[in-house]
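Q: Sequence below, structure please.
(2 chains)
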Amino acid sequence: MATATATTPDRLPLHLDDVQPAPLRRPRVLLVGTSLAAAASVAFFGALFATYFALRAERVAAGEVWLPEGTNIPLSPGNMSMITLVMSLVTVQWAVHAGKVRDRGHAYLALGLTVLFGVAHVVQMGYLFTEWGLPLNGEVTLPAVLLYTIFGAHLAMVAAALLFLVLMLLRSLGGQFTGTDVEGLSAAALYWYVTVALFTVIWYGILIVK
Amino acid sequence: MTVTETEAPHAPGTTAAALAPPRPATGLAVVLGTGEHRTVGRLWIFTAFVFLLVAGVAGALVGVEKVDTAGLGDVLDADVFAQTYSLHAVAGTFLFLFPLFIGLATSVVPAQVGASTIAFPRAAAAAYWTYLAAGGVLIASFLADGGPFGSDGEAVELFVAAFVAVLVALTLGAICVGTTAVALRVPGMGLHRAPLFTWSSLVTVAVAVLTLPVLAGLMVLVYVDHRYGGDGGTFLGGSEGVFQRIAWAWAQPNVYLFAIPVLGIVGDIVPVTARTRLTKHRIAMGCIGAFGVFAFGAWAMPSVSAESATTLRYVGDVPFYAFSFLVLLPLLGLAGLLADTVRRGSARLASPLLWGIAALLMLLAGAANGALVSIEPLDLVETTAQSSQIHYVLLAALLGLFAGLAHWAPPVLGRVVAEVPSKGLAALGLVGTVLLCLPDLISGFLDQLWRLGGVTDDVDAVEALNIASIAGGALLVLVAIAFLGLVLQAAMGDADADPDPWEGHTLEWADPAAPPAITSEAPLYDARHGAGTTTTEAQP
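A: Model (predicted):
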């Protein structure tokens, strides 16, 4: 198909009817859908956070101790997780940029590092669960119910965000999004940013403040 | 499977047989594998009607039980009464009303914005099938003595899990609709030119996306608490706590979420039946947007606390007062614009207009009722005046969605619903709604409690009012069944020869082969009256 980008007269199209109009510029469908899904995720965690903080404030105001005796929430795993996820923000943006310039090697490397950081976060949270002394069978307490729900839901979100990233990178490099259009990867990166932002609330509001 | 994103290129040397187009799907495969938005929309609509029957039967049992105010036990014992009430409320809102909106929007919004398909068609289909399966499990959990107030722990957990799945499905369906409205509009159709139903769908989606996940989050918490919390979930109230953590979703102000689409539906119907343009399209959009803001109710959820809370915890607080009264303003504003449109045009008394007028009137009544309930000295919270407001608003949503079905029957179902019976049903629907709600409002002033049947004042008067209310409910059930009959009749008949019997103004009525230029919010009206062209050239 001849295109309007030809520069020499002999390469101009013979029939102007053959010239395809430029693609219509639309808001990006996947990015819009992901934004709505991200908003829904924030609302979901908003409910969990609101419940946690309200119940904690209620107990503290009543003069009770919030975390039961024997509970120990160490700072190191949470801090390391936070640092790990902040580093993943850099690598995920690196992956988007590499996808944009169709640099396959760097895109795979950046995405691999992002996935590695995500998995490291999961492992660190698993370690935290073994250390904090909040059983989910036997002597179950209200903080245990809340914390396992919040952390479990966030780990599920991390897994979903990582899967989304991998899928979008493969589709992007497979030619699904052409040229500089890396909409899918940008959408997955957006969801990853929201995932990390939500962990920031968990890190400060729960792990630091306790 | 009927929808694919790309077609794989044929390899060189492929035989002619391999190049033959695949056989089109037939029979059940057409339904099971489809991502075509009209088919998926119809599936949502018809399934919602099935769940409406469940909600209606449960509501009838609750109504009969409330006739004798002396106490429970005439028909249902206290636990079963509470479970039946919960089933009525959950099925009526989350298995019927909101899914009916999703179905209508899935069918109509893509056509209104000039898109050939809904955004993420596979996700839209997945949302429907999740809703169907989870809705069935949810009903089954009640049969197994689960649900709110259930005594079988595992069945209660089954209810919570199924309810979360329903909420996920509704959110996913809403995201597909919202993305279509934002990202798939035809060139030239800025958001300010979007049809009012598309706009109201977008507002509904925005509020729903910020509300339904809140409910889902609370349900996940309740599930973990119930399963692992010990002694049936003592921390968050056990199976009774399940109801407390759902009830805010249909209390004021969140109840208005279900009625947002009504404004867009009526806003699209009135100019068409009045054969003129809508007065001040953008102001109408502003009214719908403002109504959406006042419908956002997750902030007012009463049950964050572990303690038992009333469904209107914030009564007496300034924001609650403000929201309860301010919500009337956009409604009155839009009603004024629509009245002016009718005055300027030459209205025909078509059935969609009658359904729409009934819906708008009942919504106004519900908002006024809500303002009354918010006045703390009147002490109407937890009385039947509160359930009256909820019923006014939800039934207004029902009447409005029926208006939408009657209006968009040709593009959605293939032909118009029978006009004369539809007009009669619209009138009966209005009568039934008033008959159901007004007695409850009055008996609320007589201190009848809304769930437990207790009454402190004039018992005879309250019992008479309850009987009138039951009659209204029965009439509405008959209206809904009869309207379903009309919808089925329209869906199963041959397609109409005239695909645009109302002379519609927006793109869903246009001939796909010759779409009009988008010159305003009413491109077909422009084309008919010479204000636009009928070319297909893209607008900047």
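Q: so where's the stretch 1-150 of chain B shaky on pLDDT?
A: Low-confidence segments of the stretch 1-150 of chain B (pLDDT under 70): B:1-25, B:69-74.
Q: So which bits of it are right by chain A?
A: B:119-120, B:123 (CB under 8 Å from any CB of the partner chain). (Glycine included, C-beta is placed from N, CA and C.)
Q: Repeat the analysis, applying 6 Å as the threshold.
A: Taking CB under 6 Å from any CB of the partner chain, the part of the stretch 1-150 of chain B that reaches chain A is made up of B:119-120.
Q: quick one, helices of the stretch 1-150 of chain B?
A: All helices of the stretch 1-150 of chain B, identified by DSSP state H, counting those that start in this stretch, fall at B:16-19, B:28-32, B:37-65, B:78-90, B:98-112, B:121-143.
Q: Who are the packing partners of the fourth one?
A: The criterion is 3 or more CB pairs under 6 Å, 6 or more residues apart in numbering or on different chains; DSSP states H and E, and the helices and strands that helix B:78-90 contacts are helix B:37-65.
Q: Just name the most buried of the helices of the stretch 1-150 of chain B.
A: Highest mean neighbour count of the helices of the stretch 1-150 of chain B: helix B:98-112, a mean of 29 (counted as mean count of other CB atoms under 10 Å in any protein chain shown).
Q: quick one: it to helix B:121-143, angle?
A: Compare the direction of helix B:98-112 with that of helix B:121-143 by axes from the mean of the first three to the mean of the last three CA atoms, to 10 degrees and you get 170 degrees.
Q: Could you list the residues in contact with helix B:98-112?
A: Helix B:98-112 is contacted from outside by B:37-38, B:40-41, B:44-45, B:48, B:118, B:124, B:170, B:173, B:177, B:180-181, B:195, B:198, B:201, B:261, B:401, B:404, B:408, B:411-412, B:506-508, using CB atoms under 6 Å, 6 or more residues apart in numbering or on different chains.
Q: so how many other residues sit close to the closest residue to chain A within the stretch 101-250 of chain B?
A: Residue nearest to chain A within the stretch 101-250 of chain B: residue B:217 (3.2 Å; CB to the nearest CB). For residue B:217, the count of nearby residues is 27 (other CB atoms under 10 Å in any protein chain shown).
Q: Point me to the helix or strand that includes it.
A: If you go by DSSP states H and E, residue B:217 is part of helix B:196-228.
Q: what residues are up against the residue of the stretch 101-250 of chain B closest to chain A?
A: With contacts defined as CB under 6 Å, 6+ apart, residue B:217 is in contact with A:44, A:47-48.
Q: can you narrow these to ones near chain B?
A: Among the contacts of residue B:217, proximity to chain B is found for A:44, A:47-48 (CB under 6 Å from any CB).
Q: Serialize these to a markdown table and add fields for neighbour count.
A: Listed next are these as a markdown table, based on neighbours: other CB atoms under 10 Å in any protein chain shown:
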| residue | neighbour count |
| --- | --- |
| A:44 | 24 |
| A:47 | 23 |
| A:48 | 23 |
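Q: Which residue is the nearest non-sequential neighbour of residue B:165?
A: Nearest residue to residue B:165 in three dimensions, chain neighbours excluded: residue B:134, at 3.5 Å (CB to CB, 6 or more residues apart in numbering or on different chains).
Q: Go ahead and confirm that neighbour touches residue B:163.
A: No. In this structure residue B:134 lies outside contact range of residue B:163 using CB atoms under 6 Å: 7.6 Å.
Q: burial count for residue B:498?
A: By other CB under 10 Å, 11 other residues sit near residue B:498.
Q: contacting residues around whichever residue of chain A sits closest to chain B?
A: Going by CB to the nearest CB, chain B is nearest to residue A:47 of chain A, at 3.2 Å. Residue A:47 sits next to B:214, B:217-218 when contact means CB under 6 Å, 6+ apart.
Q: Make TSV from those residues and add distance to residue A:147 and pLDDT to it.
A: Below are the contacts of residue A:47 laid out as TSV (distance: CB to CB, whole Å; pLDDT from 0 to 100):
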residue	distance to residue A:147	pLDDT
B:214	19	94
B:217	14	95
B:218	16	92
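Q: Would you format those residues as a markdown table with distance to residue B:247 included?
A: Compiled in a markdown table, the contacts of residue A:47 are given as follows (distance: CB to CB, whole Å):
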| residue | distance to residue B:247 |
| --- | --- |
| B:214 | 13 |
| B:217 | 16 |
| B:218 | 11 |
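Q: Those residues of chain A touching chain B, which are they?
A: Neighbours of chain B within chain A, by CB under 6 Å from any CB: A:24, A:26-27, A:29, A:32-33, A:36, A:39-40, A:43-44, A:47-48, A:50-51, A:54-55, A:136, A:140, A:142, A:145, A:149.
Q: Among those, which lie within helices?
A: Mapping these onto helices (DSSP state H) picks out A:29, A:32-33, A:36, A:39-40, A:43-44, A:47-48, A:50-51, A:54-55, A:142, A:145, A:149.
Q: low-scoring pLDDT stretches of chain A, where are they?
A: By pLDDT under 70, the low-scoring segments of chain A are A:1-27, A:176-181.
Q: Give the buried residues for stretch B:332-343.
A: Across stretch B:332-343, burial judged by 16 or more other CB atoms under 10 Å in any protein chain shown covers B:333-335, B:337-338, B:341-342.
Q: Equivalent analysis for stretch B:419-433, please.
A: By 16+ other CB under 10 Å, the buried positions in stretch B:419-433 come out as B:422-423, B:425-426, B:428-433.
Q: That stretch: how far from the chain's middle?
A: Distance of stretch B:419-433 from its chain centroid, counting by CA atoms, centre = their mean, to the nearest Å, is 19 Å.
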